[in-house]
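>>> below are the sequence and a predicted model; questions follow.
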Amino acid sequence: MTSPTPAPRPPAALLRVLAVAADEAGRDRLTAALAAAPRAELAGAARSVPEGLRLALQLRPDCVCLELPPRPLEGLAFVRLLARRQPTQVLVVARAGVRKQDVFRAFEAGALDVVATPAGAAERTALEAGLRAGLATARALVAGEGARPAAAERAPEAGAPRGAAEGQARGLRVAVLGASTGGPGALVRLLTAMPPGLPLAWAVAQHMPARFTGSFAERLARATGLDAREARDGEALAEGRVLIAPGGRHLRLVRAGGPLAPVRAALEEPGPRGGPGGHGYCPSVDVLFASAAEACGQDLCAVVLTGMGDDGRRGVARVKEAGGVTLAESEASAVVYGMPRQAAETGLVDEVLPLDGIVARLRRFAREGR
């Protein structure tokens, strides 16, 4: 039986975290990293997955940090079972050597995020950075769960147009977001920080396998109160709507019929090598950005968030050519400063900002258009 959802907690409250690892060294790694995390307190430490489940149900922590055990299926079953029993966020730590398919299965089981750490001297730094970002996401969810009304019930900002038709008529302002590693957490934190009724439509390309994007969109909708959904072919953008590119397909934005015609989603199967230029990313940030630049012109803000690789680098050039605004996440907040660095190095990014700075800049763009 599912436990009742606890009342939302104030954002300043300490996040109660349970650490679960199958060996003493793993528990030491987790507890040391949690001690370095801001606004978090250790609620307990479990020596096995079964003990972790017992303590999670007994202590009801806000978040569980689980180091994936040598037998990953046991850890994945823990994530799945806990998700059914109570609304506790789970961060999974995957050390070097964990198979990629087990990382994907952790997302599928319901993990909030997966912190992948390399072998060697860099492991501690990567673990601390990954948990810090993941705990920030969990904190936003704990503070906001049940506190924000559904999109249909939220009052718009004063003077903001309501509905897709009115938004299109005044020149719909659109934000396109691209992310990879660390992106799910960054997207939750960014979108939960947006005020109700913000006159902005959203489209997102997050590198994620096909079977996860639908559940990720549902999680975003619950956390933010926005109309977040997996994009469907031909669907119109609208203020307060967040379209997520389906895993394994490219999301393009198209406008047919003049400058006041609706901007719509067009889904596209990948080519033999995935994304443009044969770089294999699908959904591709470059594809989304380039098509949005053509459809939206100056009414567009493109943001490259955390992630490995260079997806988005070509796309920011197209957005800049069309007169749109280009932003990249700074190293200060990015879990992986790969994609944002590549975008910034083009010299075509207007501002490189930490995540809270991007939030403020998007609010300004929604109000002023620049």
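Arrived safely, thanks for sending.
>>> look up phi and psi at the residue positioned nearest the centre of the chain.
Among the residues of the chain, the one closest to the centroid is Pro184, at 2.3 Å (CA atoms, centre = their mean). Dihedral pair for Pro184: phi -50, psi -40, per degrees, to the nearest 10.
>>> ok, the residue nearest to it when sequence neighbours are not counted to Pro195 distance?
Nearest residue to Pro184 in three dimensions, chain neighbours excluded: Asp113, at 5.6 Å (CB to CB, 6 or more residues apart in numbering). All C-beta spots, glycine's among them, are computed from the backbone N, C-alpha and C. To Pro195, Asp113 is 25 Å away according to CB to CB, to the nearest Å.
>>> looking at these two, which is more packed in?
Each of Asp113 and Pro195 has its neighbours counted (other CB atoms under 10 Å); Asp113 has more, 26 against 11.
>>> list the residues that contact that one.
The contact partners of Asp113, by CB atoms under 8 Å, 6 or more residues apart in numbering, come to Leu91, Val92, Gly130, Ala133, Gly134, Thr137, Gly182, Pro184, Gly185.
>>> equivalent analysis for Val20, please.
Taking CB under 8 Å, 6+ apart, we find Val20 in contact with 30, 45-46, 48-49, 51-52, 55, 64-67, 78.
>>> do Ala109 as well
Contact partners of Ala109, counting by CB under 8 Å, 6+ apart, are Leu76, Ala77, Val79, Arg80, Ala83.
>>> so the first one sits against Phe104, correct?
In this case it means Leu76. No. The criterion here is CB atoms under 8 Å, and Leu76 misses it with Phe104 at 10.3 Å.
>>> compare those two (neighbour count), which wins?
Leu76 (22 against 15).
>>> and for Cys65, the neighbour number?
Neighbour tally, Cys65, other CB under 10 Å: 31.
>>> before we move on, which element is it in?
Per DSSP states H and E, Cys65 falls inside strand 63-67.
>>> next SSE downstream of that strand?
Next along the chain from strand 63-67, counting by DSSP H and E, comes helix 72-85.
>>> and the contacts of that following helix?
Residues outside helix 72-85 that contact it (CB under 8 Å, 6+ apart) are 1-3, 20, 49, 52-53, 56-57, 64, 66, 68-69, 88, 90, 92, 98-99, 102, 105-106, 109-111.
>>> thought Val17 was touching Leu42?
Yes. Counting by CB under 8 Å, Val17 does reach Leu42; the two are 6.1 Å apart.
>>> give me the common contacts of these two.
Leu34.
>>> between the two, who's got more neighbours?
Taking other CB under 10 Å, Val17 and Leu42 do not tie; Val17 has more neighbours (25 against 16).
>>> please name the nearest non-neighbouring residue to that one.
Distances taken as CB to CB, 6+ apart place Cys63 nearest to Val17, at 4.9 Å, with adjacent residues excluded.
>>> against Ala231, how distant is the one you found?
Taking CB to CB, one finds Cys63 at 30 Å from Ala231.
>>> residue ranges of the strands in the chain, please?
In the chain, the strands defined using DSSP state E lie at 15-20, 40-46, 63-67, 89-94, 113-116, 174-179, 201-206, 227-230, 241-244, 250-255, 263-268, 300-304, 325-329, 351-353.
>>> got a list of what Cys296 touches?
Cys296 is in contact with Leu172, Val174, Leu253, Arg255, Val263, Ala322, Gly324, counting by CB under 8 Å, 6+ apart.
>>> domains for this structure, by residue range?
15-144, 163-368 (automatic domain parsing).
>>> give me the mean pLDDT for the shortest one.
Summarised as a single mean, pLDDT over domain 15-144 is 89.
>>> run a quick neighbour tally on Ala77.
With other CB under 10 Å as criterion, Ala77 counts 14.
>>> ChimeraX command to pick out the buried ones of the contacts of helix 72-85?
With 16 or more other CB atoms under 10 Å as the criterion, this ChimeraX line picks the buried residues out of the contacts of helix 72-85:
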select :20,49,52,53,56,64,66,68,69,88,90,92,98,102,105,106,109,110,111
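>>> among the contacts of helix 72-85, which are in helices?
Val49, Gly52, Leu53, Ala56, Leu57, Asp102, Arg105, Ala106, Ala109 (DSSP state H).
>>> show me how far the longest helix along the chain is from its chain's centre.
The single longest helix within the chain, with elements called by DSSP H, is helix 123-144. Its chain's C-alpha centre and that of helix 123-144 lie 12 Å apart, by CA atoms, centre = their mean, to the nearest Å.
>>> and that helix, which residues are buried?
By neighbour count on 16+ other CB under 10 Å, the buried set for helix 123-144 is 126-144.
>>> can you tell me how far the closest residue to Pro262 other than its chain neighbours is from Gly214?
Spatial nearest neighbour of Pro262, excluding adjacent residues (CB to CB, 6+ apart): Ala236 at 4.3 Å. Note on Ala236: its distance to Gly214, by CB to CB, is 19 Å.
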